[in-house]
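In: quick one, fold the following:
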Amino acid sequence: MFGAAAGLAGLLLVFLGVSISAFQSYAGDVPAAATARFRRAGAWILGAFLLGLVAVAVSFSWLLSPGRALRDAAVVLFAIELAATALAAIVTARTVLWR
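Out: Numbering: from 1, shown residues only. Sure, this is the predicted structure:
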(Lines give C-alpha, C1' and ligand atoms only; values in the text may rest on other atoms or scores of the structure.)
Protein backbone atom coordinates (compact mmCIF):
# COMPACT_ATOMS: atom_id res chain seq x y z
CA MET A 1 0.00 0.00 0.00
CA PHE A 2 2.92 2.31 0.66
CA GLY A 3 4.07 2.32 -2.97
CA ALA A 4 0.55 2.48 -4.39
CA ALA A 5 -0.37 5.44 -2.20
CA ALA A 6 2.80 7.25 -3.25
CA GLY A 7 2.09 6.47 -6.92
CA LEU A 8 -1.44 7.83 -6.70
CA ALA A 9 -0.16 10.95 -4.97
CA GLY A 10 2.24 11.44 -7.89
CA LEU A 11 -0.60 11.00 -10.36
CA LEU A 12 -2.53 13.69 -8.52
CA LEU A 13 0.39 16.06 -9.08
CA VAL A 14 -0.04 15.46 -12.82
CA PHE A 15 -3.69 16.50 -12.60
CA LEU A 16 -2.71 19.53 -10.54
CA GLY A 17 -0.14 20.49 -13.18
CA VAL A 18 -2.73 20.27 -15.94
CA SER A 19 -5.09 22.51 -13.97
CA ILE A 20 -2.35 25.02 -13.21
CA SER A 21 -1.25 25.10 -16.86
CA ALA A 22 -4.81 25.74 -18.00
CA PHE A 23 -5.17 28.46 -15.36
CA GLN A 24 -1.95 30.15 -16.44
CA SER A 25 -3.01 30.15 -20.09
CA TYR A 26 -5.36 33.05 -19.32
CA ALA A 27 -4.13 36.63 -19.38
CA GLY A 28 -3.56 38.35 -16.06
CA ASP A 29 -6.36 40.87 -16.58
CA VAL A 30 -9.07 38.23 -17.04
CA PRO A 31 -11.92 38.49 -14.51
CA ALA A 32 -11.61 36.16 -11.55
CA ALA A 33 -14.87 34.47 -12.52
CA ALA A 34 -13.27 33.19 -15.73
CA THR A 35 -10.57 31.30 -13.84
CA ALA A 36 -12.58 30.36 -10.75
CA ARG A 37 -13.20 26.80 -11.92
CA PHE A 38 -9.45 26.21 -12.34
CA ARG A 39 -8.69 27.58 -8.88
CA ARG A 40 -11.47 25.49 -7.36
CA ALA A 41 -10.30 22.33 -9.15
CA GLY A 42 -6.70 23.03 -8.14
CA ALA A 43 -7.70 23.41 -4.50
CA TRP A 44 -9.57 20.09 -4.50
CA ILE A 45 -6.72 18.29 -6.25
CA LEU A 46 -4.18 19.78 -3.83
CA GLY A 47 -6.35 18.55 -0.94
CA ALA A 48 -6.44 15.07 -2.45
CA PHE A 49 -2.65 15.16 -2.84
CA LEU A 50 -2.21 16.10 0.81
CA LEU A 51 -4.54 13.25 1.76
CA GLY A 52 -2.29 10.99 -0.31
CA LEU A 53 0.73 12.16 1.68
CA VAL A 54 -1.11 11.28 4.88
CA ALA A 55 -1.85 7.82 3.44
CA VAL A 56 1.84 7.40 2.61
CA ALA A 57 2.85 8.46 6.12
CA VAL A 58 0.39 6.06 7.77
CA SER A 59 1.47 3.23 5.46
CA PHE A 60 5.11 3.92 6.29
CA SER A 61 4.28 3.91 9.99
CA TRP A 62 2.57 0.56 9.53
CA LEU A 63 5.74 -0.81 7.91
CA LEU A 64 7.82 0.35 10.86
CA SER A 65 5.38 -0.82 13.53
CA PRO A 66 2.99 -3.49 12.24
CA GLY A 67 -0.36 -3.42 13.95
CA ARG A 68 -3.99 -3.92 13.07
CA ALA A 69 -5.02 -0.33 13.83
CA LEU A 70 -2.37 1.17 11.53
CA ARG A 71 -3.18 -1.37 8.82
CA ASP A 72 -6.89 -0.55 9.00
CA ALA A 73 -6.15 3.18 8.89
CA ALA A 74 -3.83 2.70 5.90
CA VAL A 75 -6.47 0.68 4.03
CA VAL A 76 -9.20 3.26 4.69
CA LEU A 77 -6.95 6.16 3.70
CA PHE A 78 -5.87 4.35 0.55
CA ALA A 79 -9.48 3.70 -0.44
CA ILE A 80 -10.31 7.37 0.07
CA GLU A 81 -7.23 8.39 -1.91
CA LEU A 82 -8.21 6.05 -4.74
CA ALA A 83 -11.68 7.60 -4.89
CA ALA A 84 -10.17 11.10 -4.72
CA THR A 85 -7.84 10.27 -7.62
CA ALA A 86 -10.75 9.09 -9.75
CA LEU A 87 -12.67 12.24 -8.85
CA ALA A 88 -9.64 14.41 -9.67
CA ALA A 89 -9.39 12.79 -13.10
CA ILE A 90 -13.06 13.51 -13.78
CA VAL A 91 -12.88 17.07 -12.47
CA THR A 92 -9.72 17.83 -14.46
CA ALA A 93 -11.19 16.43 -17.67
CA ARG A 94 -14.42 18.37 -17.20
CA THR A 95 -12.65 21.60 -16.30
CA VAL A 96 -10.02 21.52 -19.03
CA LEU A 97 -11.68 19.69 -21.90
CA TRP A 98 -15.42 20.21 -21.75
CA ARG A 99 -15.84 23.83 -20.63
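
In: isn't Val96 up against Val18?
Out: Yes: shown here, Val96 and Val18 form a contact pair, counting by C-beta atoms under 8 Å, at 6.0 Å. Glycine gets a C-beta too; all of them are placed from N, C-alpha and C.

In: between these two, who's got more neighbours?
Out: Val18 (21 against 18; other C-beta atoms under 10 Å).

In: show the pLDDT at that one.
Out: The model reports Val18 with a pLDDT of 92.

In: that one sits in which helix or strand?
Out: Using DSSP states H and E, Val18 maps to helix 2-24.

In: show me what the helix or strand harbouring Ala69 is packed up against.
Out: For Ala69, the host element (DSSP H and E) is helix 68-97. If you count contacts as 3 or more C-beta pairs under 8 Å, 6 or more residues apart in numbering; DSSP states H and E, helix 68-97 packs onto helix 2-24, helix 32-64.
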